[in-house]
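[1] Following is a predicted model, sequence given first.
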Amino acid sequence: MVRQFFDIYQGLLGKYQFQSRQVWNMDETGITTVQTPSKILAKRGKRTVGALTSAERGQLITVVAACSAAGHYIPPMLIWPRKRHLDKLMDGTPPGSIAGTSDSGWTDGDLFLKWLIHFQQWTQSSSSNPQLLIMDGHQSHKYIPAILYARENHIHMLTLQPHTSHKMQPLDRTVFKALKAGYNIAVENHMRTSGGKITMFDMGQLIGKAFNRVATPDKAIKGFEVTARAVERALSEKPVPAVERALSEKPVPAVERALSEKPVPAVERALSEKPVAAAEPVLSAEQVPAAEGPLPEEPAPVAERAHSLKPTPAVERALSEK
């Protein structure tokens, strides 16, 4: 999977000669009103330590960000879990940020198109200034109007293979973890000074403080370097072809199993079992003739025994009825 991505990536670099300022990673991350409390130093042996938290159940906000291999950032997009947008929600957000709303707080196709327009305005993508946008394969990124807009504005979108984005997205590797840690610190400081719980109207400025602190050029550049090394390691590992795996594993063929097990053939079973002779008719006491003289050395033939037998009453009745 990594080889396929890398081949397409190399092909685009060779065709369009992208510079580091034209190669971007776009990704989303969720942030809630409930922060993760930081570690607390306590006296040895103390089992219970109190910590401030904003709420038991929080609301999710999605932050859509993008950074380039040269260390540049696009002002983020914040998606709020609301039907209607209020300008007050964006107070304190990084300059140039835009807002979106959805029922769940997550992105969708229309919001992705809105973000693409925002991206084009900041990068000024054109035929003479094409941009390469690397992102995951989320369903919203396959929205047809967004794909058509990207083509018209010379934005070349390259999606990562499934189950690889956590290692191959620069934002995931170096920026988002620091962003959430910075947000948690900002929430704790805000609660210590205000004494109240965090609401959505507080989140804009808290996210803004954290984003402005962690969105540095060195983190973006380092993110691309880390993912480049991950790609190199994945490409250097020699995959075992299916044929080699089949040869290295020595399965027991069906023939060998059949030979190793010694079943008893049907003929052998039949021969080993002694068949039961046909049962001779059982005679009543009246039907048994009295013994006269010595018994014969050999039993009378079957035909002779049959003639000497007297029919049973049931047979006689059947013969007497016409």
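    Alright, I've got the coordinates. The structure presented is a predicted model; accordingly, all values stated were derived computationally and were not measured. Residues are numbered from 1 along each chain as shown.

[2] all helices for the chain, in order.
    2-16, 109-123, 144-152, 165-168, 170, 176-194, 200-214, 217-236, 242-248, 254-260, 266-272, 302-308, 313-320 (DSSP state H).

[3] Please identify the most buried of these.
    Highest mean neighbour count of the helices of the chain: helix 170, a mean of 26 (counted as mean count of other C-beta atoms under 10 Å). The C-beta positions use only the backbone N, C-alpha and C, and glycine is treated the same way.

[4] Dump the helices of the chain to CSV, plus distance to Cys67 and mean pLDDT.
    Formatted as CSV, the helices of the chain follow (distance: least, C-beta to C-beta, whole Å; pLDDT from 0 to 100):
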stretch, distance to Cys67, mean pLDDT
helix 2-16, 17, 90
helix 109-123, 12, 98
helix 144-152, 18, 98
helix 165-168, 14, 78
helix 170, 6, 95
helix 176-194, 11, 91
helix 200-214, 11, 95
helix 217-236, 4, 88
helix 242-248, 39, 49
helix 254-260, 57, 55
helix 266-272, 75, 55
helix 302-308, 104, 49
helix 313-320, 104, 66
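
[5] right, and these - which one's nearest Asp136?
    Nearest to Asp136 among the helices of the chain is helix 165-168 (4.2 Å), distances taken as C-beta to C-beta.

[6] same for the closest one, what does it pack against?
    Packed against helix 165-168 by the contact rule (3 or more C-beta pairs under 8 Å, 6 or more residues apart in numbering; DSSP states H and E) you find helix 217-236.

[7] so the helix it packs on versus helix 2-16, what angle?
    120 degrees (axes from the mean of the first three to the mean of the last three C-alpha atoms, to 10 degrees).

[8] Output helix 217-236 as PDB, restricted to C-alpha atoms.
    The C-alpha trace of helix 217-236 is given here as PDB (Å, rounded to 0.1, in the frame of the first residue of the first chain):
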ATOM      1  CA  PRO A 217       7.400  26.200  11.300                       C
ATOM      2  CA  ASP A 218       9.700  23.700  12.900                       C
ATOM      3  CA  LYS A 219       6.800  21.400  14.000                       C
ATOM      4  CA  ALA A 220       5.400  21.300  10.400                       C
ATOM      5  CA  ILE A 221       8.800  20.600   8.900                       C
ATOM      6  CA  LYS A 222       9.600  18.000  11.400                       C
ATOM      7  CA  GLY A 223       6.200  16.300  10.700                       C
ATOM      8  CA  PHE A 224       7.100  15.900   7.100                       C
ATOM      9  CA  GLU A 225      10.600  14.600   8.000                       C
ATOM     10  CA  VAL A 226       9.100  12.000  10.400                       C
ATOM     11  CA  THR A 227       6.600  10.800   7.800                       C
ATOM     12  CA  ALA A 228       9.300  10.600   5.100                       C
ATOM     13  CA  ARG A 229      11.400   8.300   7.300                       C
ATOM     14  CA  ALA A 230       8.300   6.200   8.000                       C
ATOM     15  CA  VAL A 231       7.800   5.800   4.200                       C
ATOM     16  CA  GLU A 232      11.500   4.900   3.700                       C
ATOM     17  CA  ARG A 233      11.300   2.200   6.400                       C
ATOM     18  CA  ALA A 234       8.100   0.800   4.900                       C
ATOM     19  CA  LEU A 235       9.700   0.700   1.400                       C
ATOM     20  CA  SER A 236      12.900  -0.900   2.700                       C
END
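
[9] Can you pull out the residues in contact with it?
    2-3, 5-6, 20, 23, 25, 67-73, 167-175, 178 (C-beta atoms under 8 Å, 6 or more residues apart in numbering).

[10] Kindly calculate the angle that it makes with helix 176-194.
    Using the same axes, to 10 degrees: helix 217-236 against helix 176-194 is 150 degrees.

[11] In a markdown table, list the helices of the chain along with distance to Pro130.
    Shown next, in a markdown table, are these (distance: least, C-beta to C-beta, whole Å):
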| stretch | distance to Pro130 |
| --- | --- |
| helix 2-16 | 5 |
| helix 109-123 | 10 |
| helix 144-152 | 11 |
| helix 165-168 | 21 |
| helix 170 | 20 |
| helix 176-194 | 27 |
| helix 200-214 | 27 |
| helix 217-236 | 18 |
| helix 242-248 | 39 |
| helix 254-260 | 58 |
| helix 266-272 | 76 |
| helix 302-308 | 105 |
| helix 313-320 | 106 |
